[in-house]
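K.L.:
fold the following for me, if possible:
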Amino acid sequence: MHPRLRTPLCDLVGIDYPIVQTGMGWVAGPKLVSATANAGALGILASATMDFEQVRSSIAEVKSRTTRPFGVNLRADSADVNDRISLMIDEGVKVASFAQAPKPELIARLKEAGLVVIPSIGAKRHAEKVLEWGVDAVLVQGGEGGGHTGAVPTTILLPQVVDAVQGRIPVIAAGGFFDGRGLVAALAYGASGVAMGTRFLLTSDSSVPQSVKDYYLGKGVLDTVVSTQVDGVPHRVLRTELVDQLEGSGAKLLALPRAAVNALRFKKMTGTPLAAMLREGLAMRKSMDLTWTQMIMAANTPMLLKASLVDGRTESGVMASGQVVGVIEDLPTCAELVQRIVAEAGEVLDSLAGSPVR
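P.N.:
Residues are numbered from 1 along each chain as shown. Presented below is the predicted three-dimensional model:
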């Protein structure tokens, strides 16, 4: 490995390469996380779509498959977040990651127990806030990324955040990364590594059904859309017939009765009990300050994602994806992917070092 690829992130979490597999709901399960960890990168288990016992068994399965460090992604607003933290402490999990910044008291508890705390952020001001709260690193996602995302491209947002933290903590860049060239570019901006979701989803170690992977592989760079009609907040997903219908509804969809009609439609599509949808919606309404209309839509999203990413029902039409889907053409193992990225990055760094000054 090129010596410049040994970054503060590697030292912080105990990994060989500055590459992170994000905690994608319904995707980042024990098999993918352990394969990533064994490849020398940081795998993050997605616990937000699991109940407590599923989290317990998933952590145990990861530990049975690897002795390398890994992380668990948490929802700071979950009712049992303290129980989940206790479990992670007891099981010796290395990293606690959050899609939204946890409260300072949670950060303090995790750090006191020796865990590394890494929240995801989408703005410079968020980086400044969590830095003062004592986090160990931040993952910053630009608009190219899949799932919930912002409007600022990585190439603009990343240097803003790097400048804001002033080298006090490592910055992990996400949104638009898939190869060694991107890793070198992120390092040039001042990041300490890259995080990838869609690229790890499209590996042979991912548990996503093959038919769904084939569906992703058939898409181009213009085949995603950032929609607020899925769950009320900007969400980058693959373009599908259902998403186009939601987008075409425009302002009408924002009416509460129309949202309720769609909730019933999605309930029938996914088989999710109304009580479960309501619990999910209320949790998101509290944490994300959603309107009642947005809450109804948000309650459907986890099950719509599950219908595609677990059950293989692409007709359900909601599949989170970054724009890099259009440049991904194969399904390597995690080990092959990581080694490819590291080799490409080394070649790029060597070529830059050998370039004559003009």
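K.L.:
please report phi then psi for the closest residue to residue 152 other than its chain neighbours.
P.N.:
Across the structure, with C-beta to C-beta, 6 or more residues apart in numbering as the measure, the residue nearest residue 152 apart from its sequence neighbours is residue 143 (5.7 Å). Glycine gets a C-beta too; all of them are placed from N, C-alpha and C. Here the main-chain torsion angles of residue 143 (degrees, to the nearest 10) amount to phi -60, psi -20.
K.L.:
does residue 143 touch residue 153 like I think?
P.N.:
Yes - in this structure, residue 143 is within contact of residue 153 by C-beta atoms under 8 Å, at 5.3 Å.
K.L.:
those two: who's more crowded?
P.N.:
Between residue 143 and residue 153, residue 143 has the larger neighbour count (other C-beta atoms under 10 Å), namely 21 against 13.
K.L.:
gap between the residue nearest to residue 152 and residue 322?
P.N.:
Residue 143 sits at a distance of 10 Å from residue 322 (criterion: C-beta to C-beta, to the nearest Å).
K.L.:
please enumerate the shared neighbours of the two.
P.N.:
Overlap between the contact sets of residue 143 and residue 322, as judged by C-beta atoms under 8 Å, 6 or more residues apart in numbering, is given by 175, 236.
K.L.:
tell me where the stretch 51-200 of the chain has helices.
P.N.:
Secondary structure of the stretch 51-200 of the chain, counting by DSSP state H, counting those that start in this stretch: helices at 52-65, 81-91, 104-112, 124-133, 154-165, 180-189, 198-201.
K.L.:
out of those, deepest packed?
P.N.:
Using mean count of other C-beta atoms under 10 Å, the stretch among these with the largest mean neighbour count is helix 198-201, at a mean of 28.
K.L.:
domains of the protein?
P.N.:
3-209+328-354, 220-316 (automatic domain parsing).
K.L.:
make CSV out of those and add mean pLDDT.
P.N.:
Conversion of those to CSV gives the following (pLDDT from 0 to 100):
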stretch, mean pLDDT
domain 3-209+328-354, 97
domain 220-316, 70
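K.L.:
which stretches in this protein count as strands?
P.N.:
Counting by DSSP state E, the chain has strands at residues 19-21, 42-46, 70-74, 95-98, 116-121, 138-141, 147-148, 171-174, 193-196, 224-227, 235-238.
K.L.:
what about the last one, distance to the chain center?
P.N.:
Meaning strand 235-238. Taking the mean C-alpha point of strand 235-238 and that of its whole chain, the gap between them comes to 13 Å (C-alpha atoms, centre = their mean, to the nearest Å).
K.L.:
can you list contacts of it?
P.N.:
Contacts of strand 235-238 from elsewhere in the structure, counted by C-beta under 8 Å, 6+ apart, are 143, 145-149, 215-216, 219, 223-228, 230, 243, 301, 318-323, 325.
K.L.:
filter the residues you listed down to the buried ones and hand me the ChimeraX line.
P.N.:
Restricted to buried positions by 16 or more other C-beta atoms under 10 Å, the ChimeraX selection for these reads:
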select :143,145,146,147,148,149,215,216,219,224,225,226,227,230,243,301,318,319,320,321,322,323,325
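K.L.:
so which bits of the longest helix along the chain are buried?
P.N.:
Scanning the chain for the longest helix, with DSSP state H as the assignment, gives helix 334-354. For helix 334-354, burial by neighbour count (16+ other C-beta under 10 Å) applies to 334-335, 337-339, 341-342, 344-346, 348-349.
K.L.:
out of the residues you listed, the closest to residue 37 would be?
P.N.:
For the buried residues of helix 334-354, the closest approach to residue 37 (C-beta to C-beta) belongs to residue 334, at 8.7 Å.
K.L.:
list the contacts of the closest one.
P.N.:
Contacts for residue 334 (C-beta under 8 Å, 6+ apart) come out as 21, 32, 35-36, 38-39, 41, 200, 203, 205.
K.L.:
right, I'll leave it there.
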